[in-house]
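Undergrad: Next comes the sequence, and after it the predicted model I'd like to discuss.
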Amino acid sequence: MGSQLNPYISFDGDARQAMEFYQAVFGGELTLNTFGQFGQGGEIGDKIMHGQLTTASGYTIMAADTPPGMEYKPGSNITVSLSGDDEAELRGYWEKLSDGGTVSTPLEKQMWGDVFGSCQDKFGIYWLVNIAG
């Protein structure tokens, strides 16, 4: 395998729920490792130290809960972009990601000829969806 670039998203204690949500959106195999599995107990023990979702479409999303003592910087520090020409697949992702979130640009044909939309999901993560025209 060559190099890969994928998002690594930090959460404020709800990484498990967010990653399970993304698995429901995209399908794929989800691996979750807790801080407790690596010897850290207490309030952080059941939180996610590293999570990874790998999908059949070739997407990989990684995530973790922010440990105590580290600053949590929500949502605005990352945007995830989905693009391609499989309109049915991308519209399906859009419907699930925007459900319960906030749509900033409705998914519709744009002046450059593609169908594009942007939203913030219910976990505060920003998504861009572009369907090639």
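TA: That came through fine. Residues are numbered from 1 along each chain as shown.

Undergrad: Report the spatially closest residue to Gly100, excluding sequence-adjacent ones.
TA: Lys122 (4.0 Å; Cβ to Cβ, 6 or more residues apart in numbering). Glycine gets a C-beta too; all of them are placed from N, C-alpha and C.

Undergrad: does the one you found really touch Ala24, like I thought?
TA: No. Look at Lys122 against Ala24 with Cβ atoms under 8 Å: they stay out of range, at 11.9 Å.

Undergrad: Which of those two has more residues huddled nearby?
TA: Neighbours of Lys122 and Ala24, each counted by other Cβ atoms under 10 Å, are more numerous for Lys122; the result is 16 against 10.

Undergrad: Identify the residues contacting that one.
TA: When contacts are counted by Cβ atoms under 8 Å, 6 or more residues apart in numbering, Lys122 touches 21, 99-101.

Undergrad: Which members of these occur in helices, if any?
TA: Among those, the residues falling in helices (DSSP state H) are Phe21.

Undergrad: And the contacts of Lys122, which is closest to Gly69?
TA: Phe21 (26.6 Å; Cβ to Cβ).

Undergrad: Doesn't the residue nearest to Gly100 belong to a helix?
TA: No. Applying DSSP: H, G, I helix; E, B strand; the rest coil, one finds Lys122 to be coil, outside a helix.

Undergrad: For it, grab phi and psi.
TA: Backbone torsions of Lys122, given as degrees, to the nearest 10, read phi -70, psi -10.

Undergrad: Report the separation between it and Phe21.
TA: Between Lys122 and Phe21 the distance is 7 Å, computed by Cβ to Cβ, to the nearest Å.

Undergrad: are any of the contacts of Lys122 buried, and which?
TA: With burial judged by 16 or more other Cβ atoms under 10 Å, the buried subset of the contacts of Lys122 is 21, 101.
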